[in-house]
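J.: Sequence plus predicted model, see below.
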Amino acid sequence: MTSPTPPAEQPRLTADEFRTLHERLRAMARTAGNAERGALDQLTPERVAAAATEVRLGLTVSLAAEIQTHPAPDNPEPATHRITVPALEDLTSDGLHFATDRFAMNVHGDADSHLDALCHVLFDGALYGGVPASSIGADGARALAVELAADGIVGRGVLLDIPALRGVPWLEPGDHVTAEDLAAAEAAQGVRVGPGDLLFVRVGHRRRRAELGAWDASRARAGLHPAAVAFLAERRVAVLGGDGNNDTAPSAVPGVGFPVHVLAINAMGVHLMDYLQLEELTAACARAGRWSFLCVVAPLRLPAATGSPVNPIAVL
């Protein structure tokens, strides 16, 4: 399909305004006391236990998209999946035989669901918390790797449906979700985001892709406006997930291609989940009349890695 045309007028931040916002959010993160594991420190045992009370129906819903193994405009380097089966003569013979799988993927692409570790974003020569950028190299990350979430991420999930708020099936690529949108969606859905929550923001990326076909999402996609990240800081959100990249393209900040990633990960220590599949969860929440749920995220235990494929599970 042809590339979508972004909305004509979009709010922008100057480089100075962006760095001022970056410093303000860094200061708020320090005040929140999340220096060791980033915003995951907001997931206290008490909050995890409270999240378990969100389960009412015993319904489980995956928030991951099916892994793509074929090239597409948004996935020029698809995952490779090779299955090895026994020889033909062994398939019908007696005895024990195995079929095996080999799998490889570009974790941080524009198609597959994944978790970004805190070592994923380097900005002005540093990682989150001022950790030197030299702490990461070809042999992996010596700090802030995905191992911070080795025991899983478990907490109260909250889904905010921005297309429903605006009365459209999806946001067009290039459109921004503002802090005002997030607050309005809370009010419309009767839910409030609080400390330690796993916040999921639907922009309709997956539905648009399913109905209109894939496009080059690296050039045009809907996401959060950088100023909206202050909403996450004020509410002390533990994790942010979206059905797109979380960042809008084109960027609202000249010279900074992924300002939401920089602010959330690098300034605040908030793990991001990109390119989730939120359509089934949206439908389930609408049927239940509830937009909060228990959420369990289990990244792979990849030593020194900058991220991981992930299959978050919502339990309603």
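T.: Received it, and whenever you're ready, just let me know what you need. Numbering: from 1, shown residues only.
J.: ok, residue 233 - contacts?
T.: Counting by Cβ atoms under 8 Å, 6 or more residues apart in numbering, residue 233 makes contact with 25, 28, 29, 32, 268. C-beta: built from backbone N, CA, C; applies to glycine.
J.: what does residue 263 give?
T.: 21, 22, 25, 226, 229.
J.: The first one and residue 177, how far apart?
T.: I take that to be residue 21. 16 Å (Cβ to Cβ, to the nearest Å).
J.: who's more crowded, those two?
T.: Legend: neighbour count by other Cβ atoms under 10 Å for residue 21 and residue 177, higher for residue 177 (28 against 21).
J.: Leaving out the residues flanking it, which one is nearest to that one?
T.: residue 224 (4.8 Å; Cβ to Cβ, 6 or more residues apart in numbering).
J.: And residue 184, by the same measure?
T.: In space, residue 184 is closest to residue 165, 5.8 Å off (Cβ to Cβ, 6+ apart).
J.: Which helix or which strand is home to residue 233?
T.: helix 229-235 (DSSP states H and E).
J.: Note down every partner strand of whichever helix or strand comes after that helix and its orientation.
T.: In the C-terminal direction, the helix or strand that comes right after helix 229-235 (DSSP H and E) is strand 239-242. Sheet pairing for strand 239-242, assigned by DSSP bridges, gives strand 198-202 (parallel), strand 271-274 (parallel).
J.: tell me the mean pLDDT for the shortest one?
T.: The one in question is strand 271-274. For strand 271-274, the mean pLDDT works out to 98.
J.: Number the chain from 703, please
T.: Will do, 703 is the new start, and the previous item becomes strand 973-976.
J.: Name the residues of the helix or strand following it that are buried.
T.: Toward the C-terminal end, the helix or strand that comes next after strand 973-976 (DSSP H and E) is helix 981-990. Neighbour-count burial for helix 981-990 flags 981, 983, 984, 986, 987 (criterion: 16 or more other Cβ atoms under 10 Å).
J.: ok, now stretch 771-785?
T.: Quick answer for stretch 771-785 (16+ other Cβ under 10 Å): 774, 775, 776, 777, 780, 781.
J.: okay, now the nearest residue to residue 717 once chain neighbours are set aside: neighbour count?
T.: Here the nearest residue to residue 717 in space, its sequence neighbours aside, is residue 957; by Cβ to Cβ, 6+ apart that works out to 5.9 Å. Neighbourhood size, residue 957 [other Cβ under 10 Å]: 9.
J.: Report the separation between the nearest residue to residue 800 once chain neighbours are set aside and residue 943.
T.: In space, and not counting its chain neighbours, residue 800 is closest to residue 788: 7.3 Å by Cβ to Cβ, 6+ apart. Computed with Cβ to Cβ, the distance linking residue 788 and residue 943 is 40 Å.
J.: Neighbour count: those two, which is higher?
T.: The residue with more neighbours, out of residue 788 and residue 943, is residue 943; 26 against 15, by other Cβ under 10 Å.
J.: give me every residue that touches the more buried one.
T.: Contacts for residue 943 (Cβ under 8 Å, 6+ apart) come out as 765, 900, 901, 902, 903, 974, 975, 976, 978, 1014.
J.: before we move on, what about residue 834?
T.: 827, 828.
J.: Quick check: phi and psi at it.
T.: Taking degrees, to the nearest 10, you get phi -60, psi 140 for the backbone angles of residue 834.
J.: Give the bridge partners for it, please.
T.: Taking DSSP bridges as the rule, residue 834 bridges to residue 828.
J.: Can you give me the pLDDT of it?
T.: Confidence at residue 834, expressed as pLDDT, is 94.
J.: cool, residue 738 as well?
T.: Residue 738 carries a pLDDT value of 75.
J.: again with residue 1013
T.: On the pLDDT scale, residue 1013 gets 97.
J.: would you turn the buried residues of helix 981-990 into CSV with pLDDT?
T.: Listed next are the buried residues of helix 981-990 as CSV, based on pLDDT from 0 to 100:
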residue, pLDDT
981, 98
983, 98
984, 98
986, 98
987, 98
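J.: how near is residue 902 to residue 971?
T.: Using Cβ to Cβ, we find residue 902 at a distance of 19 Å from residue 971.
J.: What is the burial count for the residue nearest to residue 879?
T.: Counted with other Cβ under 10 Å, residues neighbouring residue 926 total 30.
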